[in-house]
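> Using only what follows, build the 3D model:
(2 chains)
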Amino acid sequence: MMPRSAQLLEDANRMIVSARGELEAEGAAVAAQSVSAAMLSLAQACLDLDGLAPAGAPAICIAYGEQFARTRRLYSAYHRWLLDSADLGRAASGQIAAPIDADSAATAVERVEIFRDAVDRFLEKNG
Amino acid sequence: MFENTAATDLAMGRSSVRRRILTVLALPDTRLHLREIQRRAGTSPGTASRELGRLVSGGLIEREAEGNQVYFRGATTPLAMMLRSLLSGPVATRFDTPSQPHSKAASPTAPTPSRPKRTAPVAFARTTRRAAATAPATTGPARATRPAAATASATTGPARATRPAAATAPATAALAMLAEPSPIAAIAQLPAVAAPAAATAGDDLGVRIAVRFAERIRPIYGERLRGVYLYGARAHGEARAHSNVEIVVVLDRVDRYGDELERTGSTCADLSLAHDLVVSRVFVSESAWLSRSDGQLPAIRKEAVAI
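The predicted structure is shown next:
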């Protein structure tokens, strides 16, 4: 595994642990934002493998879709989850969207954990 | 002002059908039968018939019988043309002809150019589609489920316009329509707005993707879907090549946010992949969309392009 990928994976892990805690203590919205950040970090770790380092959430989502969803190198569902988590994170700001409920945040945490395991395996295999 | 007032917004929502009908009939030499008007205005035959009746009574449009078919077209009286150009906003302006006097000069209620464009708060006419079955949130990639799409079952009954023709309706009737505390009076005093039936602003790609998005989620939500709007850079026409396509989905209610993400996730991902950009959406309940005055929602309501 490349050093930057490993670092990004570690960052994601920390955010996932944080999201689990936030789910209990600080509420769904805070947890949703952590999940969103963790998903982006995991996507960045994958892109790093290809020598890509896009900046900003939209660029990461686009590049990830192009490199991993379109090519089916990873399940296309993960790309969908990445976009969903970004929208959930945006919604969590409470500026526009309806409130985030605890079940939705909990589902997002479960998904980011599944994605984290998949990325871990992928990087082990390919890095 | 009006964008923060639920009552005014509701009035705008009710009257948007009337406004769309006027927009449809705003073009010179346009003469259409009820079904075509109903289709273009995106409403039900009953609503179209009722609104057409009111507009005929008010002298804004004319009714013509030809054999078994009844046609409607914009009344040609100067007052009707002036009112139509006021009420139908940008379309009337775009297709302005010498025979259609400009509302700005003609009326004290003409909108001031500096005021922002505004879309009607509820874009879709309520149809008789049934809401699709809901899908549970799934956690594994293999279990991602999509709700079954319901089929449209819009009723298409015969035209029931029973009011007498009023090709030369007196000006007083038209003025009474504006004087009464009805939605149409409110519209006359509002700035020109984008016609909800067809987006008139926003960049082409953004609008096209938003339309595609709306087409795909409409069968999923049925009557629950109250509107789809494009906002952000793509609505302002300030987008760059990879700017997000930002969409507001207005639903009857939003109980579990994750469920709505799940229902629209495939559409979002497919469109994002197909166009090499990010299609993002936010879900808002109808009541929040109509009345919420905090956060970014009021600003988004002003700038949003109805799809």
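
> mean confidence score for stretch B:71-87?
For stretch B:71-87, mean pLDDT is 68.

> Tell me the residues of chain A that contact chain B?
Contact residues, chain A versus chain B (Cβ under 8 Å from any Cβ of the partner chain): A:57-59, A:61-62, A:65-66, A:69-70, A:75-81, A:83-84, A:86-88, A:90-91, A:94-101, A:103-105, A:107-108, A:110-111, A:114. C-beta: built from backbone N, CA, C; applies to glycine.

> which stretches of chain A have low pLDDT?
Scanning chain A with the threshold set as pLDDT under 70 gives A:1.

> so where do the helices sit in it?
Ranges of helices in chain A, per DSSP state H, are A:3-25, A:28-49, A:57-64, A:76-92, A:102-126.

> how about the fourth one: buried residues?
By that I understand helix A:76-92. By 16 or more other Cβ atoms under 10 Å in any protein chain shown, the buried positions in helix A:76-92 come out as A:76-92.

> Could you confirm whether whichever helix or strand residue B:273 is part of reaches chain A?
Taking DSSP states H and E as the criterion, residue B:273 maps to helix B:257-275. Yes. Judged by Cβ under 8 Å from any Cβ, helix B:257-275 comes into contact with chain A through B:257, B:258, B:259, B:261, B:262, B:265, B:266, B:268, B:269, B:272, B:273.

> now that helix: mean pLDDT?
The predicted model assigns helix B:257-275 a mean pLDDT of 95.

> which residues touch the helix or strand just after it?
For helix B:257-275, the succeeding helix or strand toward the C-terminus, using DSSP H and E, is strand B:279-285. Contact with strand B:279-285 is made by A:83, A:86-87, A:90-91, A:96-98, B:209, B:213, B:244-254, B:257, B:260-261, B:264, B:267-268, B:271-272, B:292, B:297, as judged by Cβ atoms under 8 Å, 6 or more residues apart in numbering or on different chains.

> picking up where we left off before, what helices or strands is the helix holding residue B:273 leaning on?
helix A:76-92, helix A:102-126, helix B:204-221, strand B:245-251, strand B:279-285 (3 or more Cβ pairs under 8 Å, 6 or more residues apart in numbering or on different chains; DSSP states H and E).

> mind listing what's buried in the second one?
Of all the residues in helix A:102-126, those buried under the rule 16+ other Cβ under 10 Å are A:104-109, A:111-116, A:118-120, A:122-123.

> How about the third one?
Along helix B:204-221, the positions that meet the burial threshold by neighbour count (16+ other Cβ under 10 Å) are B:206-207, B:209-210, B:212-214, B:216-221.

> Give me the angle between it and strand B:279-285.
50 degrees (axes from the mean of the first three to the mean of the last three Cα atoms, to 10 degrees).

> Next: the second one.
What separates the directions of helix A:102-126 and strand B:279-285 is an angle of 160 degrees, with the same axes, to 10 degrees.

> how distant is helix A:102-126 from the center of its chain?
Centroid separation for helix A:102-126 versus its chain: 7 Å, with Cα atoms, centre = their mean, to the nearest Å.

> Output the contacting helices and strands for that helix.
Using 3+ Cβ pairs under 8 Å, 6+ apart: helix A:102-126 touches helix A:3-25, helix A:28-49, helix A:76-92, helix B:257-275.

> Show me the residue at the heart of chain A, geometrically.
Computing the C-alpha centroid of chain A and ranking residues by Cα atoms, centre = their mean puts residue A:39 first, at 0.6 Å.

> Excluding chain neighbours, give the residue nearest to it in space.
Counting by Cβ to Cβ, 6 or more residues apart in numbering or on different chains, residue A:39 lies nearest to residue A:85, which is 4.2 Å off, once chain neighbours are set aside.

> residue contacts, the residue in chain A that chain B sits nearest to?
Here chain A gets closest to chain B at one residue, residue A:104, 3.0 Å apart by Cβ to the nearest Cβ. Shown in contact with residue A:104 (Cβ under 8 Å, 6+ apart): A:28, A:32, A:88, B:137, B:256, B:257, B:258, B:259, B:261.

> and what of residue B:241?
residue B:277.

> if you set the cut-off to 10 Å instead, what comes out?
Taking Cβ atoms under 10 Å, 6 or more residues apart in numbering or on different chains as the contact definition, residue B:241 lies against B:205, B:276, B:277.

> ok, and which of the residues you listed reach chain A?
Applying Cβ under 10 Å from any Cβ of the partner chain to the contacts of residue B:241, one finds that B:276, B:277 fall near chain A.

> and the closest residue to chain A within the stretch 201-307 of chain B, how many neighbours?
For the stretch 201-307 of chain B, the residue closest to chain A is residue B:258, as judged by Cβ to the nearest Cβ, at 3.0 Å. Applying other Cβ atoms under 10 Å in any protein chain shown, we find 24 residues neighbouring residue B:258.

> Understood, closing this out.
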